[in-house]
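Student: Please work out how this folds:
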Amino acid sequence: MRKAILLNIVLLGIIIILIGIVFYSQEETKESAPLINLKAEKVQSIRIVRENKDSIFMMKDTKGFWQMATPLNLYVNGSQIERLLQILSESNYKQLESDTLDLAELKLNPPLASIRFNDITLAVGDISPFDNRQRYIQIKQNVYVIQDTFFYTLNNDALKFANLSPLGNAPKITALKIPGYELILKEGKWTLTSLFNDDNINTSADAISHLIDLWQQASAYNVMPYLANSPSQGKIEISLQGKEHALHFLIISSSPDLILAHPDKGIQYQLPTSQSEKLLHFPTITKLEENQ
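Tutor: Next comes the predicted model:
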């Protein structure tokens, strides 16, 4: 009888311990509320201020695409915006006792940088001396230590935020002029004017459609400042649906990379050399047959 009672007591003790372990584990893994009470989809503007760099102001247009207003007038790479918006959902942070802190020592007064989502501003300070993966930030009077997954993006030059598509977001071409060819969309059909009279060049409807698709999907791997007065190898003019003015590019180089300058924006796009032949020329009949 006593053995049974003793066994029951031991089992009860084990159960209590297990319940305690489960409860403790749940408390340890419980996440804090998001750092900022603002949903990413509600953000309409972002302003970035950094030490010794141009301030950047970006806003969402009526179609939901992000555009930079200053210091350059450019469409923005959406992946860069997503990295910044991740701050809003950050739940791995620790709030510090603000009254005992030296904000200047934490490089929060003045801050190394600040980012403003709509009307909410985060001041960004130094990395933590206890963990270089964490960084100090301040929101109003509150100071936090937060995982540093954003400062590299925050500190990028303005051009690093540029959309890598020379034509912007979801472009629909209505006219294309490249050296030797002019294409115009009329009543849903493409008309072609060519300076060349070569039976080996494939200017079929499929080839035209393929060329237009290539331009609409073109993506650079680098965006650089435009060097004024750079020698040009030709001009490109592209009209887009819904845009009042055509885009004008200069062909700065076709090899080893295809470099398209956009003087109106003060930038130039660097595309892989493989794009040069595809974007500037129609395929020959021989090449088309070989690819089939």
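
Student: Do a quick rundown of the helices in the stretch 51-200 of the chain.
Tutor: 78-85, 151-154 (DSSP state H, counting those that start in this stretch).

Student: What lies in contact with the shortest one?
Tutor: Contacts to helix 151-154, defined as Cβ atoms under 8 Å, 6 or more residues apart in numbering, come from residues 48, 50, 80, 83-84, 113, 115, 124, 135. Where C-beta positions appear, they are placed from N, C-alpha and C, glycine not excepted.

Student: cool, and the first one?
Tutor: With contact meaning Cβ under 8 Å, 6+ apart, helix 78-85 is reached by 40, 43, 46, 58, 65-66, 115, 117, 149-150, 153-154, 156, 160-161, 163.

Student: Please produce JSON lines containing the helices of the stretch 51-200 of the chain, extended by mean pLDDT.
Tutor: Below are those laid out as JSON lines (pLDDT from 0 to 100):
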{"stretch": "helix 78-85", "mean pLDDT": "93"}
{"stretch": "helix 151-154", "mean pLDDT": "92"}
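
Student: which residues touch residue 199?
Tutor: Per Cβ under 8 Å, 6+ apart, neighbours of residue 199: residue 285.

Student: Can you classify residue 276 as helix, strand or coil?
Tutor: helix (DSSP: H, G, I helix; E, B strand; the rest coil).

Student: count of residues packed around it?
Tutor: Using other Cβ atoms under 10 Å, residue 276 has 18 other residues around it.

Student: just checking, it touches residue 254?
Tutor: Yes. Look at residue 276 against residue 254 with Cβ atoms under 8 Å: they come within range, at 4.4 Å.

Student: coming back round to it: what would the contacts of helix 151-154 look like in CSV with neighbour count and distance to residue 211?
Tutor: Formatted as CSV, the contacts of helix 151-154 follow (neighbours: other Cβ atoms under 10 Å; distance: Cβ to Cβ, whole Å):
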residue, neighbour count, distance to residue 211
48, 22, 38
50, 19, 41
80, 18, 29
83, 16, 34
84, 19, 36
113, 20, 43
115, 23, 41
124, 25, 46
135, 22, 48
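
Student: Pick the one among those closest to residue 200.
Tutor: Ranked by distance to residue 200 (Cβ to Cβ), the contacts of helix 151-154 are led by residue 80 at 43.6 Å.

Student: how does the chain divide up, domain by domain?
Tutor: In terms of domains, the chain is parsed into 43-161, 173-291 (source: automatic domain parsing).

Student: Let me see the residues that make contact with stretch 224-244.
Tutor: With Cβ under 8 Å, 6+ apart, stretch 224-244 has contacts from 159, 167-168, 171-179, 215, 246-254, 260-263, 265-268, 270, 280.

Student: Which members of those residues are classed as buried?
Tutor: Buried by 16 or more other Cβ atoms under 10 Å: 159, 167, 171, 173-178, 215, 247, 249-254, 260-262, 265-268, 270, 280, out of the contacts of stretch 224-244.

Student: Filter these down to the ones in strands?
Tutor: 173-178, 247, 249-253, 260-262, 267-268, 270 (DSSP state E).

Student: in this structure, what spans have low per-residue confidence?
Tutor: Residues of the chain meeting the criterion pLDDT under 70: 1-32, 198, 286-292.

Student: show me the contacts for residue 195.
Tutor: Contacts of residue 195 (Cβ under 8 Å, 6+ apart): 180-181.

Student: any idea how far it is from residue 70?
Tutor: Residue 195 is 41 Å from residue 70, where distance means Cβ to Cβ, to the nearest Å.

Student: How about residue 255?
Tutor: Counting by Cβ to Cβ - residue 255 and residue 70 are separated by 35 Å.

Student: Same question for residue 33.
Tutor: 33 Å.

Student: Tell me which of the two has more neighbours.
Tutor: residue 70 (12 against 8).

Student: got a list of what the closest residue to that one other than its chain neighbours touches?
Tutor: Using Cβ to Cβ, 6 or more residues apart in numbering and skipping the chain neighbours, the partner closest in space to residue 70 is residue 57 (4.7 Å). With contact taken as Cβ under 8 Å, 6+ apart, residue 57 is in contact with 45-48, 68-70.
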